[in-house]
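Peer 1: whatever this is, show me its structure:
(chains A and B)
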Protein chains: 2
Amino acid sequence: MPELRQDPSTKEWVIIATERAKRPHEFQRPNPPVTASGLGCVFCPGNEHKTPPELWRFPYRSKTWTVRVVPNKFAALSTQATGSRGEESPLYHRMDGFGYHEVIVETPHHDRPMPLMETEEVKQVLFAFRERYWALRKDQRIKLVLIFKNHGPTAGTSLEHPHCQVIATPVIPSYIRHKYDVAIRHYDDTGRCIYCDIVRAEKEAAERVVQHSEHFLVFEPFASRSPFETWIAPLRHNSCFARVTDEELGDLAAVLRETLARLYYGLGNPDFNFVIHTAPAEDEAKPYYLWHIQILPRLATPAGFEIGSGIYVNPCFPEEAASFLRNVRVESTKPAVIARVKQEQPTPQVRCGGHEK
Amino acid sequence: MPELRQDPSTKEWVIIATERAKRPHEFQRPNPPVTASGLGCVFCPGNEHKTPPELWRFPYRSKTWTVRVVPNKFAALSTQATGSRGEESPLYHRMDGFGYHEVIVETPHHDRPMPLMETEEVKQVLFAFRERYWALRKDQRIKLVLIFKNHGPTAGTSLEHPHCQVIATPVIPSYIRHKYDVAIRHYDDTGRCIYCDIVRAEKEAAERVVQHSEHFLVFEPFASRSPFETWIAPLRHNSCFARVTDEELGDLAAVLRETLARLYYGLGNPDFNFVIHTAPAEDEAKPYYLWHIQILPRLATPAGFEIGSGIYVNPCFPEEAASFLRNVRVESTKPAVIARVKQEQPTPQVRCGGHEK
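Peer 2: Below is the predicted model of the structure:
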């Protein structure tokens, strides 16, 4: 029987659709191997002149680099704009497209996506995130700094070389205002952060937990919008990603790498997006919001129903997805530079759909 | 220079991204021709036994049919469920997945998508929509009846035979509550329906209008989320689609067919979704909401930024898209049964991106 579940952080419903249920391994889609070197790839070493002038590199002032930040050549927002609102209209509001749009090149290695990196490499990327957050945050016109990753063509990128993006906007989106309204109401009612309540409940119930570390919990949310939606949330209340400590950053690097490796090996390098949800620029120390990472593999296509209702149809119970991911064997040592999906991937015979629940 | 625009009906911003701007014809993607007959297609005449038992057909009680409604074999919601809420939890709400999910087979002709139909055929489909709305609406547990169409694989369907879907839900989605909040506030402030205000403003400004008829306006919204997003809205205030008159239905059939034909010929049969936005079941005669059809060609991929912020990045100014669509020559007589994109499609040299505006 299908089930309707409400996401407590947005109050939106999802449908867990059992008639369309699939076993987890049916979501496996071995993507073609990454080419070993990107001929003409603008993010590969030697082609640094092909990007707009570099903004940041690690190690600092070094001839070589392990992480590099450049402006997005096809920026959605422009630092040349002023953020002026233009003529007032009773119905329509507009402003010129001021903002920042940067690319974080995660590694010099074209064929080393994040799940195949060493933890130390992931940590450098996260360190770059934190650095760029504070650099952009200095601009008083910026209201939100959003860090995200698009991996694979159906997730919105055609560039294979591992990279993330940062967009800093001069407005707070209505979508985020809405999530805040929900969180503030919960805080007013209970005195607690709703996200911390969720993390606590998930840790206790355990059935949707993928793994946990000293500082983070990895779980499939109760009302997952799509198969294998995964959240990584801190155990310490903190509304702003960029206020993570160095120790937390190291732990997060290990947890993020492992989680992405579970998806990579378990599902065959699926296309995915991840987003760091963090408080707007002036709300970095609020008691009602918790920063967290949302990972969304692109395994289902939102269509007319989702567009019209905002309700997502998910053909996989999150409890079954969590059980599947827990059972994926993850390399903990440095992997060889392998680009293709490992053949010995486990295929636990877990029924994902709930008929046998 | 990019531009930020706010959708007055949702208060959400979109970015019109000029650095990624494309000319309209760059969005053309001639899809492969539809096969003349669908071998083994469950929606083709002769295969009626392959669908779940029929719910409705037109003409009534006739041996042959022109429109046919059947339950969705892979229904997202089930009439076998009861809509019971189950155990209360302080954090998580759930209910069993009660609801209706039906398929409207639009035509016996496998290779005649809506833009290639005669107006009379489209009218029969719209008539079926109205019939099914009232049939499902009778069930007091139903809160929303959503009618939509997925056309093409990237729009969420692999079935080629022309069909639409209806899903009736036992909950009102948070997304729709939010749109209502905005509309009600506008009504409280001004005494007017915000959607009627939009239609009036668009008709007057004309720059985003694609066409208008006696009863409907077709336009590209000011804050279009994606290239060639198109709305068809009634000129008479009415919050419920199913309360259209017979005369309006005939006019809508002509306007919908022409609009879809503009997209079909102008852009090369793009994948698209359309949704009939209509008031929830108990709000069918409200003064603050206007039913309308939203058509969304799948010409851009929402990615991490859209997921994280709710802000869509659209590489095409709606004014340019409207100008392009106005210039697409549309067959007004009965077309031959053509399945491939016409070769003589017009390619007006309109710059879509605003640099030359």
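
Peer 1: which stretches in the stretch 101-250 of chain A count as strands?
Peer 2: In the stretch 101-250 of chain A, strands defined by DSSP state E, counting those that start in this stretch lie at A:144-151, A:163-169, A:209-212, A:216-219, A:230-234, listed in chain order.

Peer 1: and the ones you listed: which comes nearest chain B?
Peer 2: strand A:144-151 (3.0 Å; C-beta to the nearest C-beta). Quick note: C-beta positions are derived from backbone N, CA and C, even for glycine.

Peer 1: hmm, back to that, possible to save the strands of the stretch 101-250 of chain A as JSON lines with mean neighbour count, mean pLDDT and distance to chain B?
Peer 2: Compiled in JSON lines, those are given as follows (neighbours: other C-beta atoms under 10 Å in any protein chain shown; pLDDT from 0 to 100; distance: least, C-beta to the nearest C-beta, whole Å):
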{"stretch": "strand A:144-151", "mean neighbour count": "26", "mean pLDDT": "97", "distance to chain B": "3"}
{"stretch": "strand A:163-169", "mean neighbour count": "24", "mean pLDDT": "98", "distance to chain B": "5"}
{"stretch": "strand A:209-212", "mean neighbour count": "19", "mean pLDDT": "97", "distance to chain B": "15"}
{"stretch": "strand A:216-219", "mean neighbour count": "24", "mean pLDDT": "98", "distance to chain B": "13"}
{"stretch": "strand A:230-234", "mean neighbour count": "23", "mean pLDDT": "98", "distance to chain B": "13"}
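
Peer 1: out of those strands, which gets nearest to A:Ala300?
Peer 2: Of all the strands of the stretch 101-250 of chain A, the one in closest proximity to A:Ala300, counting by C-beta to C-beta, is strand A:230-234 (14.4 Å).

Peer 1: list phi and psi for the spatially most central residue of chain A.
Peer 2: Taking C-alpha atoms, centre = their mean as the criterion, A:Phe274 is the residue nearest the geometric centre of chain A, at 1.8 Å. A:Phe274 has phi and psi values of phi -130, psi 150 when expressed as degrees, to the nearest 10.

Peer 1: that one bridge partners, please.
Peer 2: Beta bridges link A:Phe274 to A:Lys149, A:Ile295, judged by DSSP bridges.

Peer 1: ranges for the helices of chain A?
Peer 2: A:119-137, A:174-190, A:194-205, A:246-267, A:304-309, A:318-326 (DSSP state H).

Peer 1: want to try a markdown table for the ones you listed, with mean neighbour count as columns?
Peer 2: Putting the helices of chain A into a markdown table (neighbours: other C-beta atoms under 10 Å in any protein chain shown) gives the following:
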| stretch | mean neighbour count |
| --- | --- |
| helix A:119-137 | 19 |
| helix A:174-190 | 17 |
| helix A:194-205 | 18 |
| helix A:246-267 | 21 |
| helix A:304-309 | 24 |
| helix A:318-326 | 23 |
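
Peer 1: now those in a markdown table, with distance to B:Gly40 and mean pLDDT?
Peer 2: Supplementary listing: the helices of chain A in a markdown table, determined by distance: least, C-beta to C-beta, whole Å; pLDDT from 0 to 100:
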| stretch | distance to B:Gly40 | mean pLDDT |
| --- | --- | --- |
| helix A:119-137 | 49 | 98 |
| helix A:174-190 | 43 | 96 |
| helix A:194-205 | 45 | 97 |
| helix A:246-267 | 30 | 96 |
| helix A:304-309 | 25 | 96 |
| helix A:318-326 | 32 | 96 |
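
Peer 1: B:Pro287: which of these is closest?
Peer 2: Ranking the helices of chain A by their distance to B:Pro287 (criterion: C-beta to C-beta) puts helix A:304-309 first, at 22.1 Å.

Peer 1: distance to B:Gly268 added to the helices of chain A, as TSV?
Peer 2: Shown next, in TSV, are the helices of chain A (distance: least, C-beta to C-beta, whole Å):
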stretch	distance to B:Gly268
helix A:119-137	40
helix A:174-190	32
helix A:194-205	45
helix A:246-267	33
helix A:304-309	21
helix A:318-326	37
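
Peer 1: dump these to a markdown table, plus distance to chain B.
Peer 2: As requested, the helices of chain A are exported to a markdown table (distance: least, C-beta to the nearest C-beta, whole Å):
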| stretch | distance to chain B |
| --- | --- |
| helix A:119-137 | 13 |
| helix A:174-190 | 3 |
| helix A:194-205 | 6 |
| helix A:246-267 | 14 |
| helix A:304-309 | 3 |
| helix A:318-326 | 11 |
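
Peer 1: B:His151: which of the ones you listed is closest?
Peer 2: helix A:304-309 (9.1 Å).

Peer 1: list the contacts of that closest one.
Peer 2: Residues lying outside helix A:304-309 but in contact with it, judged by C-beta atoms under 8 Å, 6 or more residues apart in numbering or on different chains, are A:311-313, B:76, B:144, B:146, B:148-150, B:155-156, B:165, B:167, B:169, B:173, B:175-176, B:273-277, B:294, B:296.

Peer 1: do stretch A:176-191 as well
Peer 2: Contacts of stretch A:176-191 from elsewhere in the structure, counted by C-beta under 8 Å, 6+ apart, are A:8-11, A:144, A:192-195, A:197, A:280, A:283, A:287-289, B:11, B:174, B:178, B:309-310.

Peer 1: before we move on, back to that, looking at the strands of the stretch 101-250 of chain A, spot the one closest to B:Phe222.
Peer 2: Nearest of these (C-beta to C-beta): strand A:163-169, 18.7 Å.

Peer 1: what pairs with the closest one, parallel or antiparallel?
Peer 2: Counting by DSSP bridges, the strands paired with strand A:163-169 are strand A:100-105 (antiparallel), strand A:144-151 (antiparallel).

Peer 1: what's the angle between it and helix A:119-137?
Peer 2: Regarding strand A:163-169 and helix A:119-137, their directions subtend 20 degrees when assessed with axes from the mean of the first three to the mean of the last three C-alpha atoms, to 10 degrees.

Peer 1: what's the closest non-adjacent residue to A:Asp197?
Peer 2: Spatial nearest neighbour of A:Asp197, chain neighbours left out: B:Leu91 (6.0 Å); criterion: C-beta to C-beta, 6 or more residues apart in numbering or on different chains.
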